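[1] Could you look at this predicted model? Sequence included:
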Amino acid sequence: MSCRRGALIVLEGVDRAGKTTQCQELVNALQQSGRAAEMMRFPDRTTKIGQLISSYLEKKSNLEDHTVHLLFSANRWEMVPLMKQKLEQGIDLVVDRYAFSGVAFTSAKPGFSLEWCMNPDIGLPKPDLVMFLQLNPNMAANRGEFGIERYETSAFQRTVHQRFEELMQDSSVNWKVIDAARTIEEVHKDIKLLSEDIISLAQNQPVGELWR
Ligand code: ADP
Ligand code: FDM
């Protein structure tokens with residue numbers, strides 16, 4: 001029996017913008033409306049590659065900057081067969097960070113161009129919708145202190161934010177900017193509406209290829 005495919009929906013944004021909270025809310029809402037929906041997150045720290053990345057983020061190990069960038073990308077590619085299978089089965093995938101975080105974080109380091117950073121992720125399943133949760137650094141700071149992981153400093157996060165702004169100029173990706181400075185419920189309402197629209201559209205189209 002053939003079924004209509006699920007949608008690939010990604011949430012991006014600065015640290016503490018509410019990505020994880022909103023991914024969970026969206027999956028719950030879609031499931032309650034009778035859809036099969038599942039959450040994924042990148043990095044997926046459960047695989048062998050993910051464990052190398054996790055140890056790096058926790059500063060338990062050091063990795064050369066190009067190397068870790070390629071590991072983040074490999075961590076997405078290793079999930080592609082499973083992602084495609086689930087989308088074909090009609091499952092909507094709600095993903096916490098994707099290749100856009102990959103590019104924004106590495107290209108915030110000195111000497112890395114956007115173009116170089118995008119290359120290894122070219123051809124990944126293309127999200128039907130990428131929602132960028134926009135929150136200014138002062139509001140983010142009110143949601144708690146930075147943790148101790150790598151990249152959790154305000155100077156680095158400001159550069160990351162600039163790189164996201166550059167990535168959002170690319171009209172080949174279906175970006176939507178969401179004002180994340182509102183209550184969890186208000187933000188969720190917008191995200192749910194945009195997601196429902198894209199789910200109806202995506203089911204009649206093949207999954208695209210990112211940046212190709
Ligand atoms: P992210 O995944 O983007 O880092 P989280 O979803 O983990 O963000 O949220 C970071 C913190 O902010 C959590 O303590 C969460 O409960 C809180 N939070 C999330 N969304 C909101 C919101 N709209 N208003 C206030 N606090 C929020
Ligand atoms: N990150 C995340 C990257 O540097 N590259 C990537 O490709 C991805 C997906 O890893 F600092 C960074 C972003 C963040 C950290 O943190 C992951 P969370 O709390 O697990 O999202």
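    The structure has been received and is ready for your questions. Ligands and ions are numbered 1, 2, ... in the order given.
[2] For burial, what's the neighbour tally of the residue nearest to Thr47 when sequence neighbours are not counted?
    Excluding its sequence neighbours, the residue lying closest to Thr47 (CB to CB, 6 or more residues apart in numbering) is Glu78, at 6.0 Å. All C-beta atoms are positioned from the backbone trio N, CA, C, and that covers glycine. Glu78: 14 surrounding residues under other CB atoms under 10 Å.
[3] Quick check: Glu78 vs ligand 2, distance?
    13 Å (CB to the nearest ligand atom, to the nearest Å).
[4] Hmm, that residue is touching Leu52, no?
    No. Taking contacts as CB atoms under 8 Å, Glu78 lies outside contact range of Leu52: 12.0 Å.
[5] circling back to that earlier point, quick one, grab the pLDDT at the residue nearest to Thr47.
    For Glu78, the pLDDT comes out at 99.
[6] Check Glu186 too.
    98.
[7] Pretty sure it sits in a helix.
    Yes. Secondary structure of Glu186 (DSSP: H, G, I helix; E, B strand; the rest coil): part of a helix.
[8] Identify all contacting residues around stretch 113-126.
    The contact list for stretch 113-126, computed with CB atoms under 8 Å, 6 or more residues apart in numbering, reads 8, 69-70, 73-74, 76-77, 80, 83-84, 87, 98-99, 102-103, 106-107, 163, 166-167, 173, 207-212.
[9] If any of the residues you listed are buried, put those into a ChimeraX selection.
    Here is the ChimeraX selection string for the buried members of the contacts of stretch 113-126, based on 16 or more other CB atoms under 10 Å:
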select :8,69,70,73,74,76,83,87,98,99,102,103,106,107,163,167,173,207,208,210,211
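[10] Tell me which entries of the contacts of stretch 113-126 lie within helices.
    Mapping those onto helices (DSSP state H) picks out 69-70, 73-74, 76-77, 80, 83-84, 87, 99, 102-103, 106, 163, 166-167.
[11] If you rank every helix and strand of this structure by mean pLDDT, what lands last?
    Across the helices and strands of the chain, mean pLDDT, DSSP states H and E gives its lowest value to helix 137-142, namely a mean of 83.
[12] who does that helix touch, helix- and strand-wise?
    Helices and strands touching helix 137-142, as assessed by 3 or more CB pairs under 8 Å, 6 or more residues apart in numbering; DSSP states H and E, comprise helix 154-167.
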